[in-house]
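Peer 1: got a predicted structure here, sequence first:
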Protein chains: 2
Amino acid sequence: MTRGEQMQADILSVLMAQDGVMSAYDIMDALKGSYPKIAPPTVYRALSALTKAGQVHRLESRNGYMACQHDHAEETAVLSICDDCGAVEETASNKILDDLAYVAKKSGFVPSRHVIEMIGTCGDCASAERDASS
Amino acid sequence: MTRGEQMQADILSVLMAQDGVMSAYDIMDALKGSYPKIAPPTVYRALSALTKAGQVHRLESRNGYMACQHDHAEETAVLSICDDCGAVEETASNKILDDLAYVAKKSGFVPSRHVIEMIGTCGDCASAERDASS
DNA sequence: TTGCGAAACGTTATGCTATAACATACAGAC
DNA sequence: GTCTGTATGTTATAGCATAACGTTTCGCAA
């Protein structure tokens, strides 16, 4: 395992342990134990490789990162982000991808990457709110 | 017209004159003529009101802003962003919204906002590249 | 017309996110 | 061992966004 792969593996395990969204600086802090001298560029370089490989998703609406919950690697994920508890659910939808491909084709657009995020309240928090108000 | 409405109208006209993505600081610079003392919070406050009203879209993957090209106001837009020339095309797709609603419903997620962005190469740039390489 | 109060802007400061540019260290091939 | 490419470390800075509080503006009512 090269140094680069080691760093990426460490970041991935930090993200998987967290089960939620982390900022790049959160990740850096978590790695301070193993890498006392770590600095932002190192984290961003590794995150860039991991997102390109599909092992990590970047949440554009949050400037955050999370481990991929599936093994899809290739497909684009739909990310449902809860404003209340911060939980993120990842869903694969070929249907949406087909729709986007259709939209792109109509105007000759050649997509290289998709961002599909829903911001709102997750099922758990939504039912908790219903209980509280009843 | 209240002060707030005036500021929002001025920002909107700056964005419409630009025909592309602008950062909040780009907008602020453009307003320095009319508002010599303008500072970031003012711009962000107005942008927040405009995005809530659907007159301005925030491009999450770019941390940028653009004037809404349609009159939809309510519907969510699909934004196709060209990496080469920066142009953004806005498309309305109820089909994609239906698909997202279905995804949300399956897990009880209650969405309040959608982010749908395609990053890639626009039709014009794609054909220019083809011409250049032939 | 004067004074009140809400809304919006200004000011200051700061925090978070991200990258540029260059130096250093590591790992594998030879 | 030395060469070479790759990744990390270091330093600095650019870019994005908001907190907290003071000040101005303006409609409205007395």
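Peer 2: Okay, I see it.
Peer 1: middle-most residue in chain A, spatially?
Peer 2: For chain A, the residue nearest the mean C-alpha position is A:His57 (2.7 Å; Cα atoms, centre = their mean).
Peer 1: check which residues of the longest helix seen in chain A are buried.
Peer 2: Counting residues, the longest helix found in chain A (DSSP state H) is helix A:3-18. For helix A:3-18, burial by neighbour count (16 or more other Cβ atoms under 10 Å in any protein chain shown) applies to A:7-8, A:10-12, A:14-15. In this view, the C-beta of every residue, glycine as well, is placed from N, C-alpha and C.
Peer 1: any idea which strand is longest in chain A?
Peer 2: Using DSSP state E to define each element, chain A has its longest strand at strand A:110-121.
Peer 1: could you check how far that one is from the centre of its chain?
Peer 2: 11 Å (Cα atoms, centre = their mean, to the nearest Å).
Peer 1: tell me what the helix or strand that comes right after it is packed against?
Peer 2: Per DSSP states H and E, the first helix or strand lying C-terminal to strand A:110-121 is helix A:123-133. Judged by 3 or more Cβ pairs under 8 Å, 6 or more residues apart in numbering or on different chains; DSSP states H and E, helix A:123-133 is in contact with no other helix or strand.
Peer 1: what's the pLDDT at the residue nearest to the centre of chain A?
Peer 2: pLDDT recorded at A:His57 is 95.
Peer 1: looking at chain A, which helix or strand does the model trust least?
Peer 2: helix A:123-133 (a mean of 81; mean pLDDT, DSSP states H and E).
Peer 1: in that helix, what counts as buried?
Peer 2: Applying 16+ other Cβ under 10 Å to helix A:123-133 flags A:123, A:125-126 as buried.
Peer 1: same thing with stretch A:34-45?
Peer 2: Buried residues in stretch A:34-45 (16+ other Cβ under 10 Å): A:38, A:42-43.
Peer 1: just stretch A:23-30 next, same as before
Peer 2: By neighbour count on 16+ other Cβ under 10 Å, the buried set for stretch A:23-30 is A:24, A:26-28, A:30.
Peer 1: what is the mean pLDDT for the longest strand of chain A?
Peer 2: 95.
Peer 1: ok, that strand near DNA strand D or not?
Peer 2: No: using Cβ under 7 Å from any atom of the strand, strand A:110-121 stays clear of DNA strand D, coming no nearer than 13.1 Å.
Peer 1: ok, and does that strand reach over to DNA strand C?
Peer 2: No: Strand A:110-121 does not reach DNA strand C (Cβ under 7 Å from any atom of the strand); its nearest approach is 12.5 Å.
Peer 1: check stretch A:29-37 too.
Peer 2: No: using Cβ under 7 Å from any atom of the strand, stretch A:29-37 never reaches DNA strand C; the gap is at least 9.9 Å.
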